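Student: Just a sequence and a predicted model for now, questions to come.
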Amino acid sequence: MTVTDTVAGAAAAAGMPQPFAELGLTPAEYEKIVDTLGRRPTSAELALYSVMWSEHCSYKSSKVHLRQFAAKAPPSDALLAGIGHNAGVVDIGQGYAVTFKIESHNHPSYVEPHQGAATGVGGIVRDILAMGARPVAVMDALRFGPASAPDTGRVLPGVVSGISFYGNCLGLPNIGGELDFDPSYAGNPLVNALCVGVMRHGDLQVAAASGAGNKVILFGSTTGPDGVGGASVLASATFGEVKGGGEVGGGDAAKRPSVQVGDPFTEKLLVECCLELFAAGLVVGIQDLGAAGVACATTELAAGGTGGMLVRLDEVPLRDASLGPPEILMSESQERMMAVVEPARVDEFLGVCAKWDVRAAVIGEVTDTGRLVMTWHGEPVVDIPPSSAADGPVYARPAMRPAAQDALAADDPAALPRPADGAGLLADLLALLSSPGLADKSWVTDQYDRYVRGDTVLAMPEDGGLIRVDEATGLGIALATDGNGRYCRLDPYLGTQLALSEAYRNVAATGARPLAVTNCLNFGSPEDPEVMWQFAEAVRGLADGCAALAVPVTGGNVSFYNQTGTVAIHPTPVIGVLGVHDDVRRRVSIGFRDASGPIVLLGRTEAEFGGSAWAHVVHGHLGGRPPAPDLDAERRLAALLAAAAAAGLLAAAHDLSDGGLAVALAESCLRGGVGCAVRLPGDPFTALFSESAGRCVVAVRAGAEAAFAELRDQHGVPGETIGAVGGDSLVVDGCFAIPLTELAAVHGQTLPALFG
Amino acid sequence: MLWHGDRDLRGVDAAILPGGFSYGDYLRCGAIARFAPVMSELVPAARAGLPVLGICNGFQILCEAHLLPGALTRNAGLKFITRDLRLRVENARTAWTRAYSGGEQIVVPLKSGEGAYAADPGTLADLEASGQVVISYAGDNPNGSAAGIAGVCNAEGNVVGLMPHPEHAIDDLTGPSADGLGFFASVVAGVAV
């Protein structure tokens, strides 16, 4: 029999040494806990503080920067709930609201790719559900090490199968995302999962335990020993070392028990159960259980409400009877939710749970004591002010511009040898199209169900995913995520604005109006001043960019410690943009199809190759300056695209990004199965491969040329007609011509050859 | 909508077992769902002539319940596949395919991980001979199904199972075509008379 460390015992045995460092707490943080409590913490309290004060849960290193999102937020009447909730909520009109968020599951997905990625999907879905919304779609932004590296062969198939296993079973369409490869992610792949949900305005739920006497109910899966310490020792430490000086032998394999195990069918039941509970008005407050499990749900509900809660930990249904209070608090077993329910409605609540075969247990009550008290067979083992755990420490970490930054900027790709003739231009185009980051992604996306729920209007490889919300009116939502670690490595401020611009433009290309922003900020260790500089610059860039584009940040996630030893990943903010589509029947695809007319290139093209796909793929080069974003031009371009789509003037639209015009034209031809012939303005190399921002290629409907030109002038968007859709080849006048069958073969062979 | 836990068909004229992941596909696809209380009513009703269509997981359940011959196994390649496929209607005389003409080609999405149809050689020969192969893959065989079979029916033709999802081919906005409507039009025309 183990002896339980009670509050009374902690007061008596004051000087007992405690393993705070192994749990990821610093000596100063431990002292702060002792000061707060006026005694040493019990082992359960120590467990609770260690996960709540982990970087992953507390945002202790990022908070001082993230405040800019609110401080610089553009005026918006679309926001029903902003930063700080489980997910932001946006008004899309006609009485509908949408909630969306992107979150990282990087560390678990490296240690155990299949379950790590699967539970990443499950976790973000519960965040959306906790706001009161029905989850309607997911997306995934993925980054891996070199495609040919043996470890990528372990991690990538596992991650994709995990997303496929969980999302398909849950019945959520996967409508888009990203896939890229770079040596900087070799030991730290990025798995960022986005979920979007839809509700009526009145359905918004709160994460607050209010009303003394109300019951606290834990429902969903039982609690087991999986995922203990997932937030602290796994997500808040670099690989190859353990933060805080503790030593966990055996490398990454030793961390496998910190990865959660997913049960998507239980999650499906939990989703339907929660939606029925919400509809019946049985829920006063609700919180999903994700990182830090019961510890987080209880402290956040208590801190968000009237401030007191009594929890009987021995009432928590367990799948392993040997678990004690610290493990129960730290477990990250999946598919669990916690609700606050009026005593008179408890029976009705439990009845709905029984209908859906969801296990539920009353584990405590809301109190008016201002304390979060937890007992174990009647003995208090936790007695804390909940806000002390929920708020956590705040650090203004030192930031320093990397010494190598200037040399990197000076290494201009203008010096790289360029193709001399048409054959050389074609060879470079084929090299780009067959490179793993730009190749056909069907090997991945065919493993996801993009059709389920029957409202998917656009999905990958389109610029943005598009979901119909209302069948009668055609109201819909568009979503895109973008991030470019190479641009951000060269300049994190501009690189983040470029990611924002690209996602914004992708949403606009479908015909939607961009409305709001979420973000997943993937960086190395915040304890490295050079990483902290990258982070500060990225956040400043995003806040300024959102202000300029008039789209507020509604929420997001920070993932630090994406580094192995002292080597950090490229700074990789992944930006998600949500747009509203007034009528999805007017959606615009990237594909060139029969009826398409002239091709118009919108925006200005400069010779911008810093961080470009061309420099990366053809020369293995990263240096110089990234393209210069022009946010005012982005706004005008997006407004033009939405207006032209609404007026039915466009047959196709495709944003220009990685690989420039050359890759965009090839993708549009392959998507629609029809070729094109273009005549390039100016230097063909620059026209084909520059990655200047704020550009889009459109196919105008035959007969709509004059109307489109007038609209383009009204919006002040530069553009010129460069050719026409037709034929079965991609023809660049005076340079090269290639049949689409050859393009398709080159584009399609890469990922199957690598991953089977 | 019929509830899995009710032993009651509520007087319906036809039943569709939709796709999905009944009981998470744990153990084996459809192996648990065949024991759902509603199946105790559905099986005899189907044997008595009730039109029943099983789509994807529904097809797997019908096989597990022995309303249809054969079984669905892991895809060749062992990966889940979502793909728009060209199908051929081999039998346009069933309760669910009368709106098509024999040999007609349609485009309908397939999305499954365990869609490879399998049966012993004798059963396959019988299915071919008796016209119980309802739908087959017209182009490449995507998942290693025996004889390229995408859907089969019972001897009477009132029970049909198919792996592709016709409910995702009902308009050009949310699917690759409207070719799947014929399955639903067939049964509606049948019960209307």
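Tutor: Nice, thanks for sending it over.
Student: give me every residue that touches the residue in chain A that chain B sits nearest to.
Tutor: Residue of chain A nearest chain B, by Cβ to the nearest Cβ: residue A:265 (2.9 Å). C-beta: built from backbone N, CA, C; applies to glycine. Shown in contact with residue A:265 (Cβ atoms under 8 Å, 6 or more residues apart in numbering or on different chains): A:169, B:21, B:23-26.
Student: State the pLDDT value of it.
Tutor: At residue A:265, the predicted lDDT confidence score is 96.
Student: now swap in residue A:85 and tell me
Tutor: For residue A:85, the predicted pLDDT is 70.
Student: ok, it touching residue A:204?
Tutor: No - look at residue A:85 against residue A:204 with Cβ atoms under 8 Å: they stay out of range, at 9.2 Å.
Student: Mind listing the shared neighbours of those two?
Tutor: residue A:131.
Student: out of those two, which sits in the busier spot?
Tutor: residue A:85 (21 against 17; other Cβ atoms under 10 Å in any protein chain shown).
Student: In contact with that one, which residues?
Tutor: By Cβ under 8 Å, 6+ apart, residue A:85 lies in contact with A:131, A:207, A:555.
Student: So the residue in chain B that chain A sits nearest to versus residue A:676, what's the distance?
Tutor: Across chain B, the shortest distance to chain A (Cβ to the nearest Cβ) belongs to residue B:24, at 2.9 Å. Computed as Cβ to Cβ, to the nearest Å, the residue B:24 to residue A:676 distance reads 46 Å.
Student: Among those two, which residue is more densely surrounded?
Tutor: residue A:676 (26 against 19).
Student: OK, contacts around the more buried one?
Tutor: Contacts for residue A:676 (Cβ under 8 Å, 6+ apart) come out as A:592, A:599, A:665, A:668-669, A:723-727, A:730-731.
Student: Tell me, what's the model's pLDDT at the residue nearest to it when sequence neighbours are not counted?
Tutor: Distances taken as Cβ to Cβ, 6 or more residues apart in numbering or on different chains place residue A:725 nearest to residue A:676, at 5.0 Å, with adjacent residues excluded. At residue A:725, the predicted lDDT confidence score is 97.
Student: which residues of chain B score low on pLDDT?
Tutor: B:192-193 (pLDDT under 70).
Student: Flag every residue of it that's near chain A.
Tutor: B:20-21, B:23-26, B:79-83, B:109, B:111, B:113, B:165, B:167-168, B:173-175 (Cβ under 8 Å from any Cβ of the partner chain).
Student: so residue A:340 makes contact with residue A:297?
Tutor: No - the pair residue A:340 / residue A:297 is not scored as a contact, 10.6 Å apart, by Cβ under 8 Å.
Student: which residues of chain B fall in strands?
Tutor: B:15-17, B:52-55, B:71-73, B:81-89, B:105-112, B:116-118, B:133-137, B:149-153, B:159-162 (DSSP state E).
Student: Adding mean neighbour count, write the ones you listed out as TSV.
Tutor: Output for these, formatted as TSV (neighbours: other Cβ atoms under 10 Å in any protein chain shown):
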stretch	mean neighbour count
strand B:15-17	22
strand B:52-55	27
strand B:71-73	20
strand B:81-89	19
strand B:105-112	22
strand B:116-118	22
strand B:133-137	23
strand B:149-153	28
strand B:159-162	28
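Student: got these as a markdown table, with distance to residue A:623 columns?
Tutor: Output for these, formatted as a markdown table (distance: least, Cβ to Cβ, whole Å):
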| stretch | distance to residue A:623 |
| --- | --- |
| strand B:15-17 | 59 |
| strand B:52-55 | 54 |
| strand B:71-73 | 52 |
| strand B:81-89 | 40 |
| strand B:105-112 | 44 |
| strand B:116-118 | 50 |
| strand B:133-137 | 50 |
| strand B:149-153 | 53 |
| strand B:159-162 | 55 |
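Student: and of those strands, who's closest to residue A:499?
Tutor: For the strands of chain B, proximity to residue A:499 was assessed by Cβ to Cβ; strand B:81-89 is nearest, at 27.6 Å.
Student: tell me the centre residue of chain A?
Tutor: Residue closest to the average C-alpha location in chain A (Cα atoms, centre = their mean): residue A:102, at 2.8 Å.
Student: Look at that residue and give its secondary structure.
Tutor: strand (DSSP: H, G, I helix; E, B strand; the rest coil).
Student: List the residues that contact it.
Tutor: Neighbour list for residue A:102: A:124, A:139, A:141, A:192-194, A:481, A:518-520, A:556-557, A:574, A:576 [criterion: Cβ under 8 Å, 6+ apart].
Student: for stretch A:211-229, the distance to its chain's centre please.
Tutor: With Cα atoms, centre = their mean, to the nearest Å as the basis, stretch A:211-229 stands 26 Å off its chain's centre.
Student: count of neighbours near residue A:625?
Tutor: 18.
Student: so it, which of the three states?
Tutor: Classified using three-state DSSP, residue A:625 is coil.
Student: Just give the closest residue to it, not the sequence neighbours.
Tutor: Counting by Cβ to Cβ, 6+ apart, the residue nearest residue A:625 is residue A:610, at 4.5 Å.
Student: Quick check: that neighbour is in a strand.
Tutor: No - assessed with three-state DSSP, residue A:610 is coil; it does not lie in a strand.
Student: From one end of stretch A:144-158 to the other, what's the distance?
Tutor: Start-to-end span of stretch A:144-158 (Cα to Cα, to the nearest Å) is 12 Å.
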